[in-house]
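Participant: build the 3D model from these lines:
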Amino acid sequence: MFERYTESARRVIFFARFETLFHRAGAISTAHLLLGLNREEKSHAGIAVLIKDHIVELCAQLGIPYPSDGKVPYDLSVDVPLDKNSKLALAYAAKEANKDWQYWIDTDHLLRGILRFPNETSKALESISLDLATARAASKRHRAEFPPERTPFLTLTRILFEPLKMAFLKLAILALVLLVGGLVLHWVNH
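Facilitator: Numbering: from 1, shown residues only. Okay, the predicted model is just below:
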């Protein structure tokens, strides 16, 4: 599931899982993803400083104690699922990466995924003047300054040409049906 994620984005998910276990929550929420973004030192979110500057305020709005004491949660082997909104945020993160024509899903895509739909975390982020347009602009500036890692060519072509392959397959089937229909009509008329 996370093969497209950069190392930094994977660490965000790890930190979000840690925060979920620490807070003894039943599932990883978008608030935990935000805490994961806050913990990641190599964030490419472009506006990570804004989040770090307002993390205490954001956590208060989300009802999450901050800072955590950093103690290891009771059991790190527990499997922690993603809640509905986190799954949606990760799906939108992939769409944001595709929108940027990027194979890799990075930390800025995770942030933008959270901001793409109404949820408790996106509302808290909007309270500090961080919205999707601002995050996209910051991503664009950051990518201009720090180009992303190269995308594996075969993987990129698979992503780009998969929809085309399906369209050509549908066209070929339609052409075959029309050809057979034309032959049947020709045979019936003679």
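Participant: who touches stretch 50-57?
Facilitator: Here stretch 50-57 makes contact (Cβ atoms under 8 Å, 6 or more residues apart in numbering) with 34-35, 37-38, 45, 58, 66-67, 111, 125, 127-128, 130. From N, CA and C alone the C-beta is placed, and that goes for glycine too.
Participant: how long is that stretch from one end to the other?
Facilitator: By Cα to Cα, to the nearest Å, the extent of stretch 50-57 from end to end equals 11 Å.
Participant: ok now that stretch, how far from the chain's centre?
Facilitator: How far stretch 50-57 lies from its chain's middle: 21 Å, per Cα atoms, centre = their mean, to the nearest Å.
Participant: tell me which residues of stretch 93-100 are tucked away?
Facilitator: 93, 96, 97, 100 (16 or more other Cβ atoms under 10 Å).
Participant: least confident pick among the residues you listed?
Facilitator: Lowest pLDDT within those is found at residue 100 (89).
Participant: separation between that one and residue 186?
Facilitator: 51 Å (Cβ to Cβ, to the nearest Å).
Participant: next structured bit after the strand or helix carrying residue 142?
Facilitator: Per DSSP states H and E: residue 142 is located in helix 132-145. Under the assignment DSSP H and E, the closest C-terminal helix or strand after helix 132-145 is helix 153-189.
Participant: many thanks, have a good one.
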